[in-house]
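Colleague: Sequence first, predicted coordinates after that:
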Amino acid sequence: MTTKKTKQNYTYAIGRRREASARVRLYKGTEESTVNGEVIGKYFPGDVMRQAWQKAFVVTDTLGKYYITVKVSGGGKNGQLDATVLGIARALSAHDVPKFRSPLKKANLLTRDARERERRKVGTGGRARKQKQSPKR
């Protein structure tokens with residue numbers, strides 16, 4: 001797990017999900033949070049996505065006390081969102097281990113979802129599990 005406190009004024013963490021990878025920097029302050037240079041509300045639109053990325057802050061009672069900058073690449077929007085959520089949780093945990101680790105662990109935010117895309121097999125018509133129909137006689 002890559003999390004570290006730097007000499008600068010931020011805590012750094014990486015979150016991954018499927019093909020997506022998010023590099024998160026956690027700063028103390030009240031500035032606008034951004035993803036790939038875009039406001040996080042525009043990059044992850046909608047109520048469900050907003051609740052997802054704010055969950056780590058809500059669980060630790062730090063909503064509005066910190067802001068983040070995220071560089072995310074690979075995968076689709078949902079994979080990128082899950083990677084960002086994991087990165088935020090890891091950054092908060094690294095920032096103040098005794099205070100934040102326990103509530104984040106109870107909310108299951110520090111667990112990496114290990115499910116990956118299954119590779120395609122030869123003779124399956126370009127899919128992972130599709131098989132030809134067996135003859136009945």
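Modeller: Arrived safely.
Colleague: mind checking how far the most centrally placed residue in the chain is from residue 92?
Modeller: Closest residue to the average C-alpha location of the chain: residue 83 at 2.0 Å, with CA atoms, centre = their mean. Computed as CB to CB, to the nearest Å, the residue 83 to residue 92 distance reads 15 Å. In short, each C-beta sits where N, CA and C put it, glycine included.
Colleague: which residues of this structure score low on pLDDT?
Modeller: Where the chain drops to pLDDT under 70, the residues are 1-7.
Colleague: what's around residue 130, how many residues?
Modeller: Per other CB atoms under 10 Å, the neighbour tally for residue 130 reads 11.
Colleague: I'd like to know how many residues surround the closest residue to it other than its chain neighbours.
Modeller: Spatial nearest neighbour of residue 130, chain neighbours left out: residue 124 (4.9 Å); criterion: CB to CB, 6 or more residues apart in numbering. For residue 124, the neighbour count with other CB under 10 Å is 12.
Colleague: Hmm, residue 131 and residue 124 touching each other?
Modeller: Yes: assessed by CB atoms under 8 Å, residue 124 is found in contact with residue 131 at 6.4 Å.
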